[in-house]
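# structure, please.
(one chain, ligands or ions: 2)
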Amino acid sequence: MPATKFICPTGQKIEISKCLQKCPYSKRCMFLPTLRAVAASLNRNIEQPTVTELLSGTMETFLRKTTDYAVDPIKQLYALHGSAVHTLNENHVDENMLSEQRLSDEITSGKFDLYGKILDKENTLGDYKITSSYKLMKALGFYKVDVPTGEVYKTGSKKGQPKTKKEWRTDGVKHILDWAIQLNYYRILLEERGYKVNRMEIQALCRDFNLRIATERNITSPIYLIHINKISDHWIKLYMKTKAKRLQKALETGKTSHICSDKERWQDRKCKDYCVVAEKCPYGKQFKQTLIKIA
Ligand code: SF4
Ligand code: SF4
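Ligands and ions are numbered 1, 2, ... in the order given. Okay, here's the model as predicted:
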């Protein structure tokens with residue numbers, strides 16, 4: 001089922017159609033065409049579960065598909081910005097490239113962003129991401145370590161102990177498994193149709209690059225190219241097949257016990273602030289209750 005309501009800045013919910021007809025407040029929270037664009041972007045008519053739907057937790061995708069829910073149009077703007085970036089690039093694709101084509105197999109379907117000679121002579125599969133400096137820091141494997149300064153504390157409780165300072169390292173674990181599975185699945189879909197994929201790259205645009213927090217996370221450029229390694233076809237297919245079966249069973253029986261995993265919940269950050277079906281989810285409801293009690 002689709003997103004049927006908008007959440008106004010006051011926290012009130014309103015049917016999307018009513019909002020588009022007439023805002024009950026003295027002033028709209030954004031331009032009417034922007035709200036129409038957000039509304040149009042929400043509900044896609046794709047029968048088969050997509051690669052991105054299968055990458056989310058089964059509970060989240062199941063609830064998104066079976067219940068009506070409300071979304072904050074302001075938060076949806078980021079997704080709309082993503083589509084705008086796609087459109088901008090689409091107008092400049094040449095005859096050596098393919099873009100935005102939906103491919104499917106017996107498990108799922110996915111629309112890749114770009115394929116072909118997009119970086120150099122090699123056939124590269126590319127994907128655009130608009131993301132936060134936090135996600136970028138994780139994706140790039142940046143982390144901080146304590147490095148001795150050569151000095152010692154002369155007074156206080158730490159007297160005699162070596163002083164340290166924080167330094168960045170860029171060789172940490174790259175937290176990009178979801179992106180890697182997504183691109184590898186597109187790669188498989190392309191290769192099954194006879195297209196050779198030599199490289200996979202993500203072009204990640206940092207949406208909060210102008211803020212100090214981005215500098216504090218060692219993000220020094222608004223855009224990064226992130227290389228994606230090949231994952232075995234067997235593993236990728238097995239993983240997606242398992243997720244597809246789980247979702248299909250949930251849709252057939254009208255229920256699921258598969259709460260999203262810790263990773264799928266972004267260690268609960270998604271349940272707290274970003275999951276549009278958290279109000280309908282047993283875990284989300286319990287989590288929010290716990291937060292209220294703590295507050
Ligand atoms: S324009 Fe904004 S404030 Fe007005 S009803 Fe729609 S979502 Fe709510
Ligand atoms: S609230 Fe958390 S566990 Fe529930 S569907 Fe959303 S992300 Fe998954």
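
# which residues touch His167?
Quick fix: residue 167 is Glu, not His. Contact partners of Glu167, counting by Cβ atoms under 8 Å, 6 or more residues apart in numbering, are Lys144, Val145, Val147. C-beta: built from backbone N, CA, C; applies to glycine.

# let's see which of those end up in strands.
Among the contacts of Glu167, the ones falling in strands (DSSP state E) are Lys144, Val145, Val147.

# which ones are touching the residue most central in space within the chain?
Central residue of the chain (Cα atoms, centre = their mean): Thr131, 7.5 Å from the mean position. Thr131 makes contact with Ala139, Ala204, Leu205, Cys206, Arg207, according to Cβ under 8 Å, 6+ apart.

# you'd agree the third one is in a strand?
Yes - remark: Leu205 belongs to a strand, assigned using DSSP: H, G, I helix; E, B strand; the rest coil.

# please report how far it lies from ligand 1.
Leu205 sits 26 Å away from ligand 1, going by Cβ to the nearest ligand atom, to the nearest Å.

# so where's the stretch 1-150 of the chain uncertain?
1, 44-46 (pLDDT under 70).

# quick one: end-to-end length of stretch 261-273, please.
16 Å (Cα to Cα, to the nearest Å).

# then stretch 193-210?
The first and last residues of stretch 193-210 sit 42 Å apart, counting by Cα to Cα.

# what ranges do the helices span in the protein?
16-21, 32-42, 51-55, 58-66, 73-90, 133-139, 177-192, 212-216, 233-253, 269, 282-294 (DSSP state H).

# these: which one's closest to Leu98?
helix 177-192 (8.6 Å; Cβ to Cβ).

# for that closest one, packing partners?
helix 51-55, strand 97-104, strand 109-116, strand 124-131, strand 199-206, helix 233-253 (3 or more Cβ pairs under 8 Å, 6 or more residues apart in numbering; DSSP states H and E).

# give me that answer again for 10 Å
helix 51-55, strand 97-104, strand 109-116, strand 124-131, helix 133-139, strand 199-206, helix 233-253 (3 or more Cβ pairs under 10 Å, 6 or more residues apart in numbering; DSSP states H and E).

# out of the ones you listed, which is closest to Lys174?
Of all the helices and strands packed on helix 177-192, helix 133-139 comes closest under Cβ to Cβ, at 6.0 Å.

# now tell me what touches the closest one from outside.
129, 131-132, 142-144, 168, 172-176, 178-179, 202, 204-209, 211-219, 221-224, 226, 266, 269 (Cβ atoms under 10 Å, 6 or more residues apart in numbering).

# quick revisit: among the contacts of Glu167, who's most crowded?
The most crowded member of these, judged by other Cβ atoms under 10 Å, is Lys144 (14 neighbours).
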